[in-house]
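Trainee: Any chance you could fold what I've pasted below:
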Amino acid sequence: MKQPVVQLTIPEDKKVYFSSDNHLGAPDAAASKPREKKFVSWLNAIEKDAAAIFLLGDLFDFWFEYKTVVPKGFVRVLGKLAQLRDAGIPIYFFVGNHDLWMKDYFKTELDIPVYHSPQVFELNAKRFFIGHGDGLGPGDKGYKRMKKVFTSPFFQWLFRWVHPDIGVRVAQHLSVKNKLISGDDDQKFLGEENEWLATYAKRKLETAHYDYFIFGHRHLPMTIEVGKNATYYNLGDWINFYTYGIFDGKSFELKTFEG
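Mentor: The predicted structure is shown next:
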C-alpha cells in the first residue's frame, strides 16, 4: 500500500537535519563510545533550531528486538533522542541494513516513527525522496537475496529462539566481518554514471518529480545532479566523515560537524 506524502512546514528560523550511518557499537563498545558522544554533541548543537530530524539508518551496527529485550548500551544517544522528542522536535527513523530488525521500540519508548522503506516528504513544497538506500538500484544481488532472508518473518522467528547473549554476539561478529550480510560497499566513488543510487534516482524521475533524493548506506558524502532541478545527496557517515545534511526551508547542503 502506497504511503501518503508527509507534509511539513519549516519556519524561517528553523532547519531540518539529516544524519546516517553512525554504526554505534562497531567495532566494539569502547571504540564506539567517542563517536556516540560526538553524535550527542551534534544533537545538542542542533537542538536550538531543529524543526525536524531525520535519521537514515545504521544508527547501530547491530540491532535486534526480542519480545522483551533490546541490545545493551547506547544510553547517551537514546536518552538524548528521548529528550528531543519530549521537547516537541519530530524525529523520523529509517532502518538500514544493520538495524533492519527494528520493530516498535523506538515508537513505543521514544515516540519516533520507524520506516522500513523509502518515504516521500514535502518540506516547504520541496519534494524529498528519503531512505537508507540499501537494496535500491541495479546490482548488489547477493545482498538483495540475503536481505530477503533476513526480513522474512520465519527467519526472525527462528532467531528469537536463540538466547540474546549468543544471538547478539554472533550477529555483531557477522555485521562487522561479512560484507555480503552487512551490504556495505567499498568507500570508493564510482563516478556519477556508476553510482547505483544515482541511477535509481534517475529512474524514479521518469514517473514523478523529486527535488531531492536523500540516502545513506554508501558512507561517502556526495552530491550528484540526477535531473532538471533534482539532486541526489549521500549523507556520508559518522565513522570517517562526520557529515550531515541540512535543509533551511529553501535549499539543501552537506556539512561536516567539527565539534
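
Trainee: low-confidence ranges in this protein?
Mentor: Residues of the chain meeting the criterion pLDDT under 70: 1-3, 139-152, 154-159, 163-165, 167-168, 170-186.

Trainee: CA-only coordinates of the top helix by length along it in CSV, if you can.
Mentor: Determined from DSSP state H, the single longest helix within the chain is helix 29-46. Coordinates of each C-alpha in helix 29-46 appear next as CSV, following Å, rounded to 0.1, in the frame of the first residue of the first chain:
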residue,chain,number,x,y,z
ALA,A,29,31.7,-0.6,22.6
ALA,A,30,35.0,1.1,23.7
ALA,A,31,35.9,2.3,20.2
SER,A,32,32.3,3.4,19.6
LYS,A,33,31.8,5.5,22.7
PRO,A,34,33.7,8.6,21.5
ARG,A,35,31.6,8.6,18.3
GLU,A,36,28.5,8.2,20.3
LYS,A,37,29.5,11.2,22.4
LYS,A,38,30.3,13.3,19.3
PHE,A,39,26.9,12.4,17.8
VAL,A,40,25.2,13.5,21.0
SER,A,41,27.2,16.8,20.9
TRP,A,42,25.8,17.3,17.4
LEU,A,43,22.3,16.7,18.6
ASN,A,44,22.9,19.2,21.4
ALA,A,45,24.1,21.7,18.8
ILE,A,46,21.2,21.5,16.5
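
Trainee: Sketch out the strands for the chain, chain order is fine.
Mentor: 6-8, 15-19, 50-55, 91-94, 114-115, 119-123, 126-130, 212-215, 221-227, 230-235, 243-247, 252-256 (DSSP state E).

Trainee: Can you add distance to D28 and give those strands back as CSV?
Mentor: In this view, the C-beta of every residue, glycine as well, is placed from N, C-alpha and C. Output for those, formatted as CSV (distance: least, C-beta to C-beta, whole Å):
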stretch, distance to D28
strand 6-8, 37
strand 15-19, 22
strand 50-55, 22
strand 91-94, 24
strand 114-115, 26
strand 119-123, 33
strand 126-130, 31
strand 212-215, 27
strand 221-227, 25
strand 230-235, 24
strand 243-247, 23
strand 252-256, 25
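
Trainee: looking at those, which is buried most?
Mentor: Greatest average neighbour count among the strands of the chain goes to strand 212-215 (a mean of 26), per mean count of other C-beta atoms under 10 Å.

Trainee: quick check, distance from it to the centre of its chain.
Mentor: Counting by C-alpha atoms, centre = their mean, to the nearest Å, strand 212-215 is centred 11 Å from the centre of its parent chain.

Trainee: Not counting it itself, show me its contacts.
Mentor: Residues outside strand 212-215 that contact it (C-beta atoms under 8 Å, 6 or more residues apart in numbering): 18, 20, 54, 56, 126-133, 136, 197, 201, 204, 226, 230-235, 245, 247, 252.

Trainee: Now do the longest helix of the chain: which elements does it pack against?
Mentor: In terms of contacts (3 or more C-beta pairs under 8 Å, 6 or more residues apart in numbering; DSSP states H and E), helix 29-46 is packed against strand 15-19, helix 75-86.

Trainee: which outside residues touch it?
Mentor: Contacts for helix 29-46 (C-beta under 8 Å, 6+ apart): 15, 17, 19, 22-26, 53, 61, 73-74, 76-77, 80-81, 84, 238-239, 242, 244, 257, 259.

Trainee: ok, now stretch 226-233?
Mentor: 195, 197-198, 201-202, 205, 209-215, 222-225, 245, 252, 254.

Trainee: Now do the end-to-end distance for it.
Mentor: Distance across stretch 226-233, first residue to last, is 10 Å (C-alpha to C-alpha, to the nearest Å).

Trainee: next one: that stretch to chain centre, how far?
Mentor: On C-alpha atoms, centre = their mean, the centre of stretch 226-233 falls 20 Å from that of its chain.

Trainee: next one: stretch 81-99
Mentor: On C-alpha atoms, centre = their mean, the centre of stretch 81-99 falls 10 Å from that of its chain.

Trainee: Next: stretch 61-80.
Mentor: Put simply, stretch 61-80 sits 16 Å off its chain's centre (C-alpha atoms, centre = their mean).
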